[in-house]
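Undergrad: Kindly generate the corresponding structure for this input.
(chains A, B, C and D)
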Number of protein chains: 2
Amino acid sequence: MAKDPVPRRTLTLRDVSEASGVSEMTVSRVLRSRGDVSVSTRERVLEAARALGYVPNKIAGALASQRVNLVAVIIPSLSNMVFPEVMTGISDVLEDTGLQPVVGVTNYSPEREEKVLYEMLSWRPSGVIIAGLEHTPAARAMLQNAGIPIVEVMDIDGTPVDSAVGISHFRAGRHMAAAIVAAGYRRIGFLGTMMPHDHRARKRLEGFEEELAKSGLEVQDREFYSGGSQLLKGREMTEAILTRSPDLDFLYYSNDMIAAGGLLYCLHHGIDVPGKLGLAGFNGVELLEGLPCRLATMDACRHEIGRRAAEIIAGQHEAGATGGIITELEPKLQPGDTIRST
Amino acid sequence: MAKDPVPRRTLTLRDVSEASGVSEMTVSRVLRSRGDVSVSTRERVLEAARALGYVPNKIAGALASQRVNLVAVIIPSLSNMVFPEVMTGISDVLEDTGLQPVVGVTNYSPEREEKVLYEMLSWRPSGVIIAGLEHTPAARAMLQNAGIPIVEVMDIDGTPVDSAVGISHFRAGRHMAAAIVAAGYRRIGFLGTMMPHDHRARKRLEGFEEELAKSGLEVQDREFYSGGSQLLKGREMTEAILTRSPDLDFLYYSNDMIAAGGLLYCLHHGIDVPGKLGLAGFNGVELLEGLPCRLATMDACRHEIGRRAAEIIAGQHEAGATGGIITELEPKLQPGDTIRST
DNA sequence: CTGAAAGCGCTAACAA
DNA sequence: TTGTTAGCGCTTTCAG
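TA: Coordinates of the predicted model:
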């Protein structure tokens, strides 16, 4: 395969202009479909551009027009099942708006979040979608001063910088606790991933405990783990907590993956679920549908959150600043087969 | 909360220059830590920048310097478990190179891939990492003419545009077939996700069938599905194929998620695995570690692929074009507990 | 060590 | 409908 004499310099509008005998300005108009251009010149330009293999330089375009069709999306993790779904919601909506999502990952580190945010803002995006309401003071300041629509997603228990779309994790925890108590469970254990910066899991637990307290109950035992396969950790933690506190009659997990691990453990060991032991997770991940038994969980509305957030960005991009839209979604409790029916 | 008189115009170098009484040029030098600047002026500048909340405009910087520290990463999907791991490998390496990955998702559509690629190239990234060797002619042309390092990842059965890092899926299929035949299985079924553009799954099946043919065997029955929860599809497909062809003694799945679904189905129904029925998947996903029984699979070296690809990009970014580095990784067969030991 | 001039490749705003 | 003229905000280059 003989290689063409590769153009060492990347092509510019000027090249297309010369090749087509049309002014740079008109070439630009054709390539952006802006303004009126006669059919004949349009075709001449398009053909020249295609023949040359011209790819416009958005950097120059953005600088000149002061417009960047990028939306910064900042999330804690990609390997969490949860965020890819939010991303899907965002992409679905942005698809037909001319806006493009650009993802940054923080690994649940506030410092990293600050850095990623700075990095992304320096590209002057048209908007920011960022997970959570907790940020470093510097990050908050950047968001505030960016002068573009900001949507904080997933959580609404707190004060957003601008707009927010999410659920109340605090109330989600309460809601689950109420359901568990109503079903007659009394000796309840909690199993979570050890993540100091997972504020949403923390809020769920807080709400959970507060609701238990109303019935004079409290969490009897807890188990935390970090790192590794969540499903496996779920098994191991379940074994550990049941060995230590064999009289527990309910296990509340901070997410569905570890809960699924626990469920598999219980099924494997012939533990009577939900009779002797009830189980519940959180998130409503697709994975659960494949399990032998439907785990109790709460849908976190991830796809919807992504959609709504993108709609806010797109809307304000169109219409100019509006700001401060707060959307609370209602997570649905899915009792499944792992809580006794009342 | 009273809002500050928000600066409606975003800050420029000039603002920092005026605030600090230092020329724009020197401010620029300080902010990029380039060239020698006296400690006193440096501090003055830094303080002014911080006080104002200045965020540099990378668009202008990139245009002026003709340098963009972005690496385009183009993958089929985020919800696949597989690609996030590749991403992690990429991020790990890029972290300390000053390069930043930017993700584009194609949903396994060649047309979308072409569009995403065009979009990303128009930001003049320093390199491209793209999944697979199969692209539209236009996409190939763009890659060829981009004049930047290109690394095609995951697969090496074909002709790369520039560099490539991956495994031979064809040989992976052969390898698995050989192990299955050696273990004495003879009536083999295949279960896959229906994806015309998943070339890697296709190549695995081709290699698998070719190896079976050497022993005079062929795939007895097949089952395809698309969409939905992979774990659930795995269960359903397994039930379907076993109902239709109850005499099968091995099921080869195109990925671990559907295989895991099949495994759970078998365990649930008390099918003797691996005695009466053997099972195998592909990928070596972390999830498997949490299952009650270790599924036979092959590790696709995803993290390592990401690392190597990023190293190639970073290396060429440093040293100038080298090009055409092909790295083949060797996937390891993990027999687990779902193939009889020979 | 610091500054002034020129221009990166494109588009807004006019003019023709 | 088409072309011309100025920049966008920064960095390169070269001069002090």
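
Undergrad: Now name the helix or strand holding A:Ser40.
TA: In the assignment (DSSP states H and E), A:Ser40 maps to helix A:39-52.

Undergrad: now do A:Tyr118
TA: Using DSSP H and E, A:Tyr118 maps to helix A:110-121.

Undergrad: ditto for A:Gly189
TA: Using DSSP H and E, A:Gly189 falls within strand A:188-193.

Undergrad: can you check A:Gly104 too?
TA: A:Gly104 is part of strand A:100-105 when elements are defined by DSSP H and E.

Undergrad: partner strands of that strand, parallel or antiparallel?
TA: Neighbouring strands of strand A:100-105 in its sheet, by DSSP bridges, are strand A:70-75 (parallel).

Undergrad: got the angle for the helix holding A:Tyr118 vs strand B:100-105?
TA: Put simply, helix A:110-121 runs at 80 degrees to strand B:100-105, going by axes from the mean of the first three to the mean of the last three C-alpha atoms, to 10 degrees.

Undergrad: same for helix A:110-121, what does it pack against?
TA: Packing contacts for helix A:110-121, counted by 3 or more C-beta pairs under 8 Å, 6 or more residues apart in numbering or on different chains; DSSP states H and E, involve strand A:70-75, strand A:100-105, strand A:127-131, helix A:137-145. Glycine gets a C-beta too; all of them are placed from N, C-alpha and C.

Undergrad: Export these as JSON lines, with columns for distance to B:Gly184.
TA: Output for the helices and strands packed on helix A:110-121, formatted as JSON lines (distance: least, C-beta to C-beta, whole Å):
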{"stretch": "strand A:70-75", "distance to B:Gly184": "48"}
{"stretch": "strand A:100-105", "distance to B:Gly184": "46"}
{"stretch": "strand A:127-131", "distance to B:Gly184": "51"}
{"stretch": "helix A:137-145", "distance to B:Gly184": "60"}
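
Undergrad: thought A:Val73 was touching A:Pro125?
TA: No: the criterion here is C-beta atoms under 8 Å, and A:Val73 misses it with A:Pro125 at 9.4 Å.

Undergrad: Looking at these two, which one has more neighbours?
TA: A:Val73 (30 against 23; other C-beta atoms under 10 Å in any protein chain shown).

Undergrad: Tell me who's in contact with that one.
TA: Contacts of A:Val73 were listed using C-beta atoms under 8 Å, 6 or more residues apart in numbering or on different chains, and they are A:87, A:90, A:101-104, A:128-130.

Undergrad: number of nearby residues for A:Arg140?
TA: A:Arg140: 17 surrounding residues under other C-beta under 10 Å.

Undergrad: Do you know the pLDDT at it?
TA: pLDDT for A:Arg140: 96.

Undergrad: which residues touch A:Ser168?
TA: Taking C-beta under 8 Å, 6+ apart as the criterion, A:Ser168 is in contact with A:155-157, A:203, A:207, A:328.

Undergrad: can you rerun that using 6 Å?
TA: A:156-157 (C-beta atoms under 6 Å, 6 or more residues apart in numbering or on different chains).

Undergrad: tell me which parts of chain A are close to chain B?
TA: When proximity is defined as C-beta under 6 Å from any C-beta of the partner chain, chain A approaches chain B at A:53, A:55-56, A:58-60, A:62-63, A:78-79, A:84, A:87, A:102-103, A:121-123, A:141, A:145, A:229, A:231-232, A:235, A:261, A:264, A:268, A:286-287, A:289-290, A:292.

Undergrad: how about low-confidence regions in chain A?
TA: A:1-8, A:321 (pLDDT under 70).

Undergrad: what helix or strand is A:Thr327 on?
TA: strand A:326-328.

Undergrad: and the next element down the chain from that strand?
TA: Sequence-wise, the next helix or strand downstream of strand A:326-328 (DSSP H and E) is strand A:333-334.

Undergrad: List the neighbouring strands of that following strand plus their orientation.
TA: The pairing partners recorded for strand A:333-334 under DSSP bridges are strand A:297-298 (antiparallel).

Undergrad: Identify the residues contacting the strand it pairs with?
TA: Contact partners of strand A:297-298, identified using C-beta under 6 Å, 6+ apart, comprise A:172, A:256, A:281-282, A:284, A:331, A:333-334.

Undergrad: now those in JSON lines, with distance to B:Glu134?
TA: Listed next are the contacts of strand A:297-298 as JSON lines, based on distance: C-beta to C-beta, whole Å:
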{"residue": "A:Ala172", "distance to B:Glu134": "44"}
{"residue": "A:Asp256", "distance to B:Glu134": "35"}
{"residue": "A:Gly281", "distance to B:Glu134": "39"}
{"residue": "A:Phe282", "distance to B:Glu134": "40"}
{"residue": "A:Gly284", "distance to B:Glu134": "35"}
{"residue": "A:Pro331", "distance to B:Glu134": "41"}
{"residue": "A:Leu333", "distance to B:Glu134": "45"}
{"residue": "A:Gln334", "distance to B:Glu134": "40"}
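
Undergrad: Among those, the buried ones, what's the ChimeraX command?
TA: Here is the ChimeraX command that selects the buried residues among those (16 or more other C-beta atoms under 10 Å in any protein chain shown):
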select /A:172,256,281,282,284,331,333,334
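
Undergrad: between the contacts of strand A:297-298, which is nearest B:Lys214?
TA: Closest approach between the contacts of strand A:297-298 and B:Lys214, by C-beta to C-beta: A:Asp256, at 43.9 Å.

Undergrad: Pull the contacting residues for the closest residue to the closest one other than its chain neighbours.
TA: Excluding the flanking residues, the one nearest A:Asp256 by C-beta to C-beta, 6 or more residues apart in numbering or on different chains is A:Gly281, at 3.9 Å. Residues in contact with A:Gly281 (C-beta under 6 Å, 6+ apart) are A:253, A:256, A:259, A:295, A:297.

Undergrad: Alright, I will stop here.
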